[in-house]
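J.: I'll drop the sequence and a predicted model, then ask my questions.
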Amino acid sequence: MTTLYQQSVPVLVKYLKNLSFMLQKGAKFCDDKEMKHEDLLTYLQSCSNTAKFLASRLGAQNIPTFEDDEQTFEQLQARIARTIEVLEGVDPEVINGKENEEIIMESKMGNFRFTGQRYVSEYVIPNFHFHLTSAYCIMRTQGVPLGAFDYLKDVFEKV
């Protein structure tokens, strides 16, 4: 059976790395075309926040706070790298076994109750991919040469 950790942390790390790859392409394109990137900020910060809040809400300690003040591609890349570092530092045993534990998610819209399993499968993964897909679509709309294999980078094992 797949553990709660396996369903969440490695998946988020993989797609944060894919986001970093897509952002590299986006940065080069925007630099070449002298285009701005402000539309991406909230979506990239939300990917990061969703990932690191997973760790803290499921019991990992000492998860840093990020200020959501990035303004450049370099700062966004650094944030993605820090988020990956946070996730890679999470002990699987901190998350595993929390499938049925109550998780309270505090937000500006109120507090919401989940089990650990529901939090991962019904909120974290969909919310993360919503923001990742939105960033991908914004870049594509601006003309960044991205395709499905950029989004799904390193998902496939060639046989």
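T.: Structure received.
J.: grab the nearest non-local neighbour of residue 18.
T.: Leaving aside its chain neighbours, residue 18 sits nearest to residue 153 (4.6 Å; criterion: Cβ to Cβ, 6 or more residues apart in numbering). Backbone N, C-alpha and C define where each C-beta goes, glycine included.
J.: the residue nearest in space to the middle of the chain: helix or strand, and which one exactly?
T.: The structure's the chain has its C-alpha centroid closest to residue 47; by Cα atoms, centre = their mean the separation is 3.3 Å. Remark: residue 47 resides in helix 38-57, with elements defined by DSSP states H and E.
J.: name the residues that touch that helix?
T.: For helix 38-57, the surrounding residues in contact (Cβ atoms under 8 Å, 6 or more residues apart in numbering) are 8-9, 12, 15-16, 19, 23, 26, 63-64, 66, 68, 70-71, 76, 79-80, 82-83, 86-87, 90, 95, 103, 105, 119-120, 124, 127-128, 131-132, 134-135, 138-139.
J.: in strands, which of the residues you listed appear?
T.: Counting by DSSP state E, the contacts of helix 38-57 place 103, 105 in strands.
J.: where does the prediction get shaky in the protein?
T.: Applying pLDDT under 70 to the chain flags residues 34-35.
J.: which of the contacts of helix 38-57 fall in helices?
T.: 8-9, 12, 15-16, 19, 23, 26, 76, 79-80, 82-83, 86-87, 95, 127-128, 131-132, 134-135, 138-139 (DSSP state H).
J.: can you tell me which of the residues you listed are buried?
T.: By neighbour count, with 16 or more other Cβ atoms under 10 Å, the ones in helices among the contacts of helix 38-57 hold 8-9, 12, 15-16, 19, 23, 26, 76, 79-80, 83, 86-87, 95, 127-128, 131-132, 134-135, 139 as buried.
J.: quick one on the thing from earlier: the residue nearest to the centre of the chain - nearest residue in space that isn't next to it in sequence?
T.: Here the residue nearest residue 47, using Cβ to Cβ, 6+ apart, is residue 131, at 4.9 Å.
J.: distance of the one you found from residue 43?
T.: 5 Å (Cβ to Cβ, to the nearest Å).
J.: how about residue 58?
T.: 23 Å.
J.: okay, those two: which has more neighbours?
T.: residue 58 (23 against 20; other Cβ atoms under 10 Å).
J.: I'd like to know how far that one sits from residue 84.
T.: 17 Å.
J.: ok, now residue 106?
T.: 25 Å.
J.: residue 39 too?
T.: 23 Å.
J.: fine by me, we can end here.
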